[in-house]
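A.B. asks: need a structure here:
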Amino acid sequence: MGSKLSILGFAGSLRQSSFNKAILRAALEMVPSEATLEIFDLVGIPLFNQDLESQPSERVTEFKAAIRAADALLIATPEYNYSMPGVLKNALDSASRPYGDNALDGKPVAIMGASIGMLGTARAQYHLRQSCVFLNMYPLNLPEVMVPFVQDKIDDKGRLTDPKTREKITELVDALIVWARRLK
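C.D. replies: Numbering: from 1, shown residues only. Take a look at the predicted model:
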């Protein structure tokens with residue numbers, strides 16, 4: 001089947017005990033042998049400032065390099081105030097600038113999210129998909145992974161324990177691999 005497919009994952013949360021970081025770590029456990037998943041932490045990416053976009057910080061440069069090195073992306077997003085968090089939007093803005101230097105261009109991407117509410121980040125994922133369209137990314141449509149009431153599915157060590165959620169994340173990772181290979 002060729003070389004291993006490389007996936008870069010990141011969560012739109014800075015919180016150490018983030019539920020979305022937890023589901024991303026769970027995905028790491030489920031990656032089949034034909035692929036790898038590297039997790040990038042968005043901590044340290046400064047607020048986007050167009051005056052400075054031509055001299056990006058070291059952390060932004062690292063993020064863009066990691067994106068470019070990956071064959072596909074896996075994003076775990078929380079939902080804040082009916083949308084994606086500013087941390088995630090800021091990271092995407094930084095990775096796509098300056099004009100003509102969009103590291104996200106043409107990247108296959110899978111989206112998942114976890115929240116303590118009933119909708120499991122549905123609205124945040126919708127807004128993230130809108131940004132993906134403008135950034136010329138290729139979001140995977142199915143399966144959708146929206147983890148509601150996540151606080152009941154993560155143990156005190158930060159490990160995802162819910163078998164159905166683990167199954168859905170496995171399906172998402174497998175579908176992302178197929179999608180990325182199809183787009184290559």
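
A.B. asks: wasn't residue 6 part of a strand?
C.D. replies: Yes - assigned with DSSP: H, G, I helix; E, B strand; the rest coil, residue 6 falls within a strand.

A.B. asks: so it touches residue 71, yeah?
C.D. replies: Yes - if you go by C-beta atoms under 8 Å, residue 6 and residue 71 touch, sitting 5.0 Å apart. In short, each C-beta sits where N, CA and C put it, glycine included.

A.B. asks: of the two, which one has the most company?
C.D. replies: residue 71 (20 against 15; other C-beta atoms under 10 Å).

A.B. asks: list the contacts of that one.
C.D. replies: Residue 71 sits next to 5-7, 108, 180, 184 when contact means C-beta atoms under 8 Å, 6 or more residues apart in numbering.

A.B. asks: let's see 6 Å
C.D. replies: 5-6, 180 (C-beta atoms under 6 Å, 6 or more residues apart in numbering).

A.B. asks: now it: how far from residue 8?
C.D. replies: Per C-beta to C-beta, to the nearest Å, residue 71 is found 9 Å from residue 8.

A.B. asks: quick revisit: now render the contacts of residue 71 as TSV, adding distance to residue 162.
C.D. replies: Listed next are those as TSV, based on distance: C-beta to C-beta, whole Å:
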residue	distance to residue 162
5	26
6	27
180	26
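
A.B. asks: now, among those residues, which is nearest to residue 65?
C.D. replies: Among the contacts of residue 71, residue 6 lies closest to residue 65 (C-beta to C-beta), at 12.6 Å.

A.B. asks: that closest one is in contact with residue 68, isn't it?
C.D. replies: No - taking C-beta atoms under 6 Å as the definition, residue 6 is not a contact partner of residue 68, at 10.7 Å.

A.B. asks: just the buried residues of the biggest helix by length in the chain, please?
C.D. replies: Longest helix in the chain by number of residues (criterion: DSSP state H): helix 163-183. Neighbour counts over helix 163-183 (16 or more other C-beta atoms under 10 Å) mark 165-166, 168-170, 172-174, 176-177, 179-181 as buried.
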